[in-house]
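>>> sequence plus predicted model, see below.
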Amino acid sequence: MNRVLIAGIVNNLSAALAACIAEPDATQIPNWGEAGKDWREFVMQEVDKKLANPDATPADQHAEWLARMLSEGWTYGEARNPEAKHHPLVLPWEELPIAHRMKNTAIHALILELRNVPDAPSTTAGEPLAPAAAAVIPAAPVRVPGQHVPVKYIGKRPEYRDGTYQTGIVWKQGETKPVPAEKARLMLMHRDVYAEGALADIATQAAAPAAPAKPKDMDEEGLQDTRDRINQMTKQALADFAKTNFQQDLDAGPKVKVADLRARVTQLVDQYGLPA
């Protein structure tokens with residue numbers, strides 16, 4: 001196991017993900033090939049700690065970081081301010097932005113996977129990451145552009161197309177796909193349909209042989225017609241539709257927005273299919 005190689009890969013991926021989600025410390029992470037000796041040693045020590053404690057979760061690791069920050073006098077602040085010792089991530093794990101938790105979870109999973117990679121030619125902490133590192137990176141790595149986060153479909157349908165949030169993304173049951181961050185935030189509020197995924201899952205799926213193309217779902221036209229009808233319904237009609245077809249009691253009171261109710265009914269149709 002080449003700890004320097006692992007540290008280099010983890011460092012560069014962490015920097016890329018931190019920049020994607022506009023993490024407050026993103027600019028503090030140098031490229032491995034340009035990093036000084038002290039930074040390289042620091043990253044390798046962090047990797048060593050994770051490898052020595054594989055059962056420690058990302059939440060455990062954040063708790064350790066949080067305790068250290070608090071002991072040094074840091075407090076929560078909306079923006080990072082070293083002089084005032086304010087930091088927006090000085091929060092319990094459960095209160096952190098979901099994108100930050102997903103990034104840490106992906107990095108944690110990556111380190112545990114890389115520990116099983118055979119050694120590449122040795123290098124020292126002062127040398128740039130060797131070209132041999134390409135041997136442990138998929139031939140066609142998945143790059144999640146912009147502010148995308150991995151979302152896993154855990155609903156009941158074997159194949160599911162999102163119509164509620166107009167992304168058009170199609171999942172197979174248990175599959176993870178990159179989703180624009182603003183859409184992912186809304187999707188992940190529905191814990192019976194979506195769950196937080198991992199970048200490693202997307203890479204694994206991309207490496208698998210492509211499945212033969214399937215003919216277009218014959219029900220897709222009917223689904224779209226139903227979605228169009230839903231967009232014309234009043235709040236009471238939406239509540240009646242959900243009750244009659246899905247045995248769901250939805251609140252249609254004055255405080256509920258009709259757009260939110262339409263989104264919920266559309267989700268029921270997408271999740272369970274056309275009404276009988």
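Arrived safely, thanks for sending.

>>> contacts and neighbour counts: CA atoms only from here.
Fine.

>>> in space, what's closest to His108 - neighbours in sequence excluded?
Closest residue in space to His108, ignoring its immediate chain neighbours: Pro58 at 6.6 Å, by C-alpha to C-alpha, 6 or more residues apart in numbering.

>>> one more: Trp171?
Tyr160 (5.2 Å).

>>> double-check that that neighbour belongs to a strand.
Yes: under DSSP: H, G, I helix; E, B strand; the rest coil, Tyr160 sits within a strand.

>>> that one touches Glu175, doesn't it?
No: using C-alpha atoms under 8 Å, Tyr160 makes no contact with Glu175, being 10.0 Å away.

>>> so the two - more neighbours on which side?
For Tyr160 versus Glu175, neighbours defined as other C-alpha atoms under 10 Å are more numerous around Tyr160 (21 against 17).

>>> so how far is Ala263 from that one?
In this structure, Tyr160 lies at 16 Å from Ala263, with C-alpha to C-alpha, to the nearest Å as the measure.

>>> ditto for Glu83
Distance of Glu83 to Ala263, computed by C-alpha to C-alpha: 45 Å.

>>> who's more crowded, those two?
Neighbour count, other C-alpha under 10 Å: between Glu83 and Ala263, Ala263 has more, with 17 against 7.

>>> what's the mean pLDDT across stretch 150-158?
The average pLDDT within stretch 150-158 is 88.

>>> in that stretch, what's buried?
Applying a neighbour-count criterion of 16 or more other C-alpha atoms under 10 Å, one finds Pro150, Val151, Lys152, Tyr153, Ile154, Gly155, Arg157 buried in stretch 150-158.

>>> burial measure for Asn245, as a count.
14.

>>> ok, and for the one helix or strand it maps to, which residues are buried?
Element membership of Asn245, judged by DSSP states H and E, is helix 235-246. Residues Lys235, Leu238, Ala239, Asp240, Phe241, Ala242, Phe246 are the ones in helix 235-246 that count as buried (16+ other C-alpha under 10 Å).

>>> check contacts around the fifth one.
Phe241 is in contact with Val265, counting by C-alpha atoms under 8 Å, 6 or more residues apart in numbering.

>>> and the second one, by the same measure?
Contact partners of Leu238, counting by C-alpha under 8 Å, 6+ apart, are Ile230, Leu261, Arg262, Val265.

>>> what about the second one, distance to Glu46?
Here Leu261 is placed at a distance of 47 Å from Glu46 (C-alpha to C-alpha).

>>> next: Gln232.
55 Å.

>>> quick one: the helices in the stretch 151-276 of the chain?
Taking DSSP state H, counting those that start in this stretch as the test, the helices found in the stretch 151-276 of the chain are 181-187, 199-207, 220-230, 235-246, 258-272.

>>> out of those, which one sits most buried?
Here the criterion is mean neighbour count by mean count of other C-alpha atoms under 10 Å, and of the helices of the stretch 151-276 of the chain the winner is helix 258-272, at a mean of 19.

>>> so what secondary structure elements neighbour that one?
Contacting helix 258-272 under the criterion 3 or more C-alpha pairs under 8 Å, 6 or more residues apart in numbering; DSSP states H and E are the following elements: strand 159-161, helix 220-230, helix 235-246.
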